[in-house]
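> turn this into a structure:
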Amino acid sequence: MTGPGGTGRTVLAAAHALIAPLTEAQVDAIRAAAAPEKVVVARDPATVLRHAPGAAVLFGDIQPAALDAAPNLRWVQSVGAGVDRIAAHLAGRDVRLVSAKGVVGAHLAEHAFALLLALTRGVATVLRAPDWTDAYRIAVRATQWEFTDRTMLVVGLGGAGRAVARRARGFEFARIVAVEPESVAAGPDVDLLVTPDRLDEVLPSADVVVLTVPLTPATRHLLDATRIAAMKPGAIVVNVSRGELVDESALRAALTGGRLGGAGLDVVAREPLAADDPLWRLPNVVVTPHIAGGSPRRAERVVDQFCANLRRWHAGEPLLGEFDRDRGY
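Numbering: from 1, shown residues only. I've put the predicted structure just below:
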């Protein structure tokens, strides 16, 4: 498309691969932001592949086949926050990549708390084995937490991490600690902000560890066997980012052996999680099938970001949410 490094070709929106169907108002907004370039709204995979050769911009949940079919591609905007797989597929190509980081924080944070509360309030237990006897109720109550005397560690203080910390403050956690490699301000919801080299220092004091960090070579197996062994007995791990942040074998062993109190997992190392995987059945684990990104407002937010980026592209300005190859996120 027209603009710095552009080709004057097509803007291709893969509408079939969005979180929700594009409305006519959203299509009009994309056309207005892209003008004078042609906009093609593809509502099925075959249409994406048919128009990909002429596309300078791709928007949606872009699959490898579309990337391979687009030799004139200048930039891609994914509707997902994690774009490590797309980045790997684009390696060696001069194609810019934009993610939805900063757009998905609210729903990832709320899902993290849904997983956490299911464990700390006994909800997962009673849904698996409903009972109303006094002995059962007493047993469940004996496992319940409240957060007022607990420490939460948020690993990754980007949009999702800040949203988690903000909600943790509302739940009156006694202490909120965050780990973040970038030079950012802690803000009012974080009591202590440290760099990743201090993770081993703060990890043993955490009752809850929430992972909201992107997957990079530096964060793969961030929670390995050594770190899991160093965690506070009875601590809970919540992962709404990428499964490979955790050494899953070590996690299973710590959960079955009683070292950890529980795990709330929306992501796993190998997706989909096999039906016979013990993680489905462990009483101290709640698994959801990579659905934390769901929200009735998500499509609206990513379309707004895409339109803003189309205007920025025309103006030669930095794109919002652009993937940094050097940092890996």
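> doesn't Ala299 lie inside a helix?
Yes. Assigned with DSSP: H, G, I helix; E, B strand; the rest coil, Ala299 falls within a helix.
> so what's Leu157 closest to, chain neighbours aside?
Nearest residue to Leu157 in three dimensions, chain neighbours excluded: Glu180, at 3.8 Å (CB to CB, 6 or more residues apart in numbering). Backbone N, C-alpha and C define where each C-beta goes, glycine included.
> just Thr125 next, same as before
In space, Thr125 is closest to Val140, 5.6 Å off (CB to CB, 6+ apart).
> which pLDDT value belongs to the one you found?
In the prediction, the pLDDT value recorded for Val140 is 97.
> surely it is in contact with Arg121?
No. With contact defined as CB atoms under 8 Å, Val140 does not reach Arg121; the gap is 9.0 Å.
> the residue nearest to Thr125 sits in which helix or strand?
Using DSSP states H and E, the element containing Val140 is helix 134-141.
> could you list the residues in contact with that helix?
For helix 134-141, the external contacting residues (CB atoms under 8 Å, 6 or more residues apart in numbering) are Gly122, Thr125, Val126, Asp131.
> let me see the contact set for the second one.
If you count contacts by CB under 8 Å, 6+ apart, Thr125 has them with Val140, Thr143, Pro283.
> try the third one
Val126 sits next to Val140 when contact means CB under 8 Å, 6+ apart.
> go again with 10 Å.
Contacts for Val126 (CB atoms under 10 Å, 6 or more residues apart in numbering) come out as Trp132, Tyr136, Arg137, Val140.
> tell me which element it falls in.
Per DSSP H and E: helix 123-128 holds Val126.
> on that earlier part again, tell me the helix or strand right after the helix holding Val140.
Next in line after helix 134-141, if elements are assigned by DSSP H and E, sits strand 151-155.
> okay, now the domains of this structure?
Per the record, the chain has its domains at 10-103+296-315, 105-287, by automatic domain parsing.
> can you list the ones you listed in a markdown table and add distance to Arg325?
Listed next are those as a markdown table, based on distance: least, CB to CB, whole Å:
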| stretch | distance to Arg325 |
| --- | --- |
| domain 10-103+296-315 | 7 |
| domain 105-287 | 11 |
